[in-house]
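Chemist: I would like the atomic coordinates for the input below:
(chains A and B)
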Amino acid sequence: MAFFQVILPMSLTMEQQIAILRYLSGGYLSKNEWRDALAGFDRLRQAKIIEGLRERSLAFFYREVVDNVYASSLIAELLESADPEQEGKRLALICGERIRRDLIERGLNVRVTEHRLVLAYVLYWWMSFAKGYSLEIAVFLDLRRAGISFESHDLLNPQERFSSYDLTICNRLGDIKASTYFLETARSFPLRMAFYIVRLYRTRVQAWRWAVLLSPDFWREINGEPVHAPLEDALLHFPQPVYFEVKKTPLIAVDYAVWKEKVRAFQARGGNKNEG
Amino acid sequence: MKDKTFDDLTNEEFSEVLDNILSENFGDLTEEQFFTALSAIDEEPQEDILFTGEIRDGRLVLDKEAPVPVEGNAIYWGNKRLIIRLRE
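Modeler: Modelled structure (predicted):
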């Protein structure tokens, strides 16, 4: 076992660490806590990992120790599955436990605070990754079954997996994101894609809802005008198509099934089918 | 866990946090949490992230000492790879 040391960035504040812990423990975060947690994860990625004589950022360490080892095989298994969302949950947990054991064998000590942050971050990012790709593959399957014309990137090709978009519908670029992944993307406004498919949990009825966040001009092309609302009131109108702005970027949020029906009707009327 | 830090946790409590991360529903955001997080992002100030590098044989080569992983002219950002190409 090599010498293992973690140096946290000085910019990672105690408030950010508390918010991260609260999020990872399943707590409900206030707006301020979200701000701290998201900024904290950004900073944590910059932590230095010293393993033997080698020094890497945590983000690079994750890439080499987790992504390069587990990502492609997970995706390959999901692509073979008839129910990628369920299979994704099962595989994410199996690999997650393996990663937890691997890291402790590498020298991470759960009694050391800095090591705890690294272990928690790596497992958090792995679970976000696995859920993100499970959803992506499930959406591809669903769109195919619905007869929607679209093009997607090849997930088994590592170059394409890192492409800046996941799919093209009606000649518009889109991304599919499990909600935590979307929040990472959403912090780099202005958003570049014409639409984002996300998955949200409805506490009241204890069920999932797939939703789409899209640019107003894409929505206008396939449907018409939405309800306009300030961001803090958007949830009052959702899942009806609702228009709001985030960092001055206009967005429409709408239920995935409604959006899919509108796309199918638009394409049936001869609307663009990705012919280029 | 409110207001606790990673340092405050006993080994058992930390193990529970890891068990929570490695659970079926971890990270599943409710609609309320999602829109709260979007509001937080909306109010966040813009943060600059600095990359440095040099031109070698006509190609941009970013310094390895960067806030996120870099490789030559590529920046790894989440599940994306941002590639910077210079025109001749």
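Chemist: How many residues are close by the nearest residue in space to residue A:246 that is not next to it in sequence?
Modeler: Counting by C-beta to C-beta, 6 or more residues apart in numbering or on different chains, residue A:246 lies nearest to residue B:42, which is 4.8 Å off, once chain neighbours are set aside. To be clear about C-beta, it is placed using only N, CA and C from the backbone, and glycine gets the same treatment. Neighbour count for residue B:42, taken as other C-beta atoms under 10 Å in any protein chain shown: 18.
Chemist: Got phi/psi on residue B:42?
Modeler: Torsion angles at residue B:42 (phi, psi; degrees, to the nearest 10) stand at phi -60, psi -30.
Chemist: From residue A:37, how far out is it?
Modeler: In this structure, residue B:42 and residue A:37 are 15 Å apart, going by C-beta to C-beta, to the nearest Å.
Chemist: residue boundaries of the strands in chain A?
Modeler: Applying DSSP state E to chain A gives strands spanning A:4-7, A:48-51, A:54-57, A:151-152, A:167-169, A:172-178, A:195-202, A:207-214, A:227-228, A:242-246, A:249-255.
Chemist: ok, and the closest non-adjacent residue to the most centrally placed residue in chain A?
Modeler: The centroid of chain A falls nearest to residue A:181 when counting by C-alpha atoms, centre = their mean (2.0 Å). With C-beta to C-beta, 6+ apart as the criterion, residue A:181 has its nearest non-adjacent residue at 4.4 Å, and that residue is residue A:132.
Chemist: burial measure for that neighbour, as a count.
Modeler: By other C-beta under 10 Å, 25 other residues sit near residue A:132.
Chemist: That one is in contact with residue A:178, isn't it?
Modeler: Yes. Counting by C-beta atoms under 8 Å, residue A:178 is a contact partner of residue A:132 at 4.3 Å.
Chemist: residue contacts, the residue nearest to residue A:181?
Modeler: A:176-178, A:180-181, B:79 (C-beta atoms under 8 Å, 6 or more residues apart in numbering or on different chains).
Chemist: try residue A:227
Modeler: Going by C-beta under 8 Å, 6+ apart, residue A:227 touches A:237, A:240-243.
Chemist: So among these, which ones count as buried?
Modeler: When these are checked for burial by 16 or more other C-beta atoms under 10 Å in any protein chain shown, the buried set is A:237, A:241-243.
Chemist: what's the farthest-apart pair in the contacts of residue A:132?
Modeler: Maximum pairwise distance in the contacts of residue A:132, criterion C-beta to C-beta, is 13.1 Å, between A:176 and A:180.
Chemist: For the two, work out which one has more neighbours and name it.
Modeler: When residue A:176 and residue A:180 are compared for neighbours, residue A:176 comes out ahead with 27 against 24, by other C-beta under 10 Å.
Chemist: Now for that one: which residues touch it?
Modeler: Applying C-beta under 8 Å, 6+ apart to residue A:176 gives the contacts A:132, A:135-136, A:139, A:166-167, A:196-198.
Chemist: Bridged to it, which residues?
Modeler: residue A:197 (DSSP bridges).
Chemist: What degree of burial does residue 50 show, as a neighbour count?
Modeler: Using chain A here. Neighbours of residue A:50 under the rule other C-beta under 10 Å: 14.
Chemist: I was thinking of chain B, sorry if that wasn't clear
Modeler: Neighbour count of residue B:50, defined by other C-beta under 10 Å: 7.
Chemist: any residue of the helix or strand of chain B with the lowest mean pLDDT up close to chain A?
Modeler: Least confident helix or strand, chain B: strand B:80-83 with a mean of 81, by mean pLDDT, DSSP states H and E. Yes. Interface with chain A: strand B:80-83 contributes B:80-82 (C-beta under 8 Å from any C-beta of the partner chain).
Chemist: filter these to the buried ones?
Modeler: If we count by 16+ other C-beta under 10 Å, these have these buried: B:80-81.
Chemist: Pick the one among the residues of strand B:80-83 next to chain A closest to chain A.
Modeler: Checking the residues of strand B:80-83 next to chain A against chain A by C-beta to the nearest C-beta gives residue B:81 as the nearest, at 3.6 Å.
Chemist: Residue A:41 versus the nearest residue to that closest one once chain neighbours are set aside, what's the distance?
Modeler: Residue nearest to residue B:81 in three dimensions, not counting chain neighbours: residue A:162, with 3.6 Å by C-beta to C-beta, 6+ apart. Distance, residue A:162 to residue A:41, by C-beta to C-beta: 19 Å.
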